[in-house]
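*Asks:* got a sequence here, can you model it:
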Amino acid sequence: MTDFNSKTSHKSRLRRSVLKTRQSLSEAERRDRSDRICRQLLSSSAFASAKTVLGYFSFRGEPDLSPAIDGDRRWGFPRCVGKSLTWHYWNLGDPLVDGAFGIREPHPQAEAIAPASVDLMLVPAVACDANGYRLGYGGGFYDRLLSLPQWQQVRAIAIVFDFAYLPQLPVDGWDRQLDGVCTESQFHLFEKHDNSSTVS
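*Replies:* Predicted coordinates:
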């Protein structure tokens, strides 16, 4: 119990620290950093080969993926339903609704996406570490999703600013290792269950 409480406390401190740094960015700086992340993403082979990509709508100062959204591939975005995420196709110009936590979501009647159709998932995060572990907001939505067998074969990439790409995060048993990370300065694919990483 002490170890659990220690990890939880450490995660909470890290979350507050990184969010404070993120919230201190000016709108112009956030936009510039987001643009650079999108350029890294667009130049990666993982993105170039993906036909169906799952993204997210920026919230609370997260990197903005808007510059990367194009008509060359199909895009999907999440809806928060209870304690789970469901995924739906979305095209530029399609209506959005305010969902749980005030995050924009596709319309409830938008076409659902099956995991087998997905080539790449871009995952929002407070932070990510060099082993592919993600620090989220504490709700566990993505950890639960990525624990499901049908989602485990989908390549998942954390999207964070450089200052949120940390050497090591405290890890709990339910934390799921991601396949890569994209920041302003780099796109890395991890070797799963290995501390090494390679640039793509």
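*Asks:* now for the nearest residue to Phe161 once chain neighbours are set aside, how many residues are close by?
*Replies:* Taking Cβ to Cβ, 6 or more residues apart in numbering, and ignoring the residues beside it in sequence, Phe161 has Arg33 as its nearest neighbour in space, at 5.5 Å. Heads up, the C-betas are built off the backbone N, CA and C, glycines and all. Using other Cβ atoms under 10 Å, Arg33 has 20 other residues around it.
*Asks:* cool, Thr183 as well?
*Replies:* Number of residues near Thr183 (other Cβ under 10 Å) recorded here: 21.
*Asks:* tell me how far the nearest residue to it once chain neighbours are set aside lies from Val181.
*Replies:* Nearest residue to Thr183, sequence neighbours excluded (Cβ to Cβ, 6+ apart): Asp162, at 4.7 Å. Counting by Cβ to Cβ, to the nearest Å, the separation of Asp162 from Val181 is 10 Å.
*Asks:* try Ser44
*Replies:* Taking Cβ to Cβ as the measure, Ser44 falls 11 Å from Val181.
*Asks:* can you check Arg30 too?
*Replies:* Noted for Arg30: a distance of 18 Å to Val181, by Cβ to Cβ.
*Asks:* of these two, which one has the most company?
*Replies:* Neighbours were counted for Arg30 and for Val181 using other Cβ under 10 Å; Val181 has more, 25 against 18.
*Asks:* show me where the chain has its helices.
*Replies:* Using DSSP state H, the helices of the chain run over 2-23, 27-42, 45-48, 141-147.
*Asks:* out of these, nearest to Gln186?
*Replies:* Judged by Cβ to Cβ, the one of the helices of the chain that comes nearest to Gln186 is helix 27-42, at 6.7 Å.
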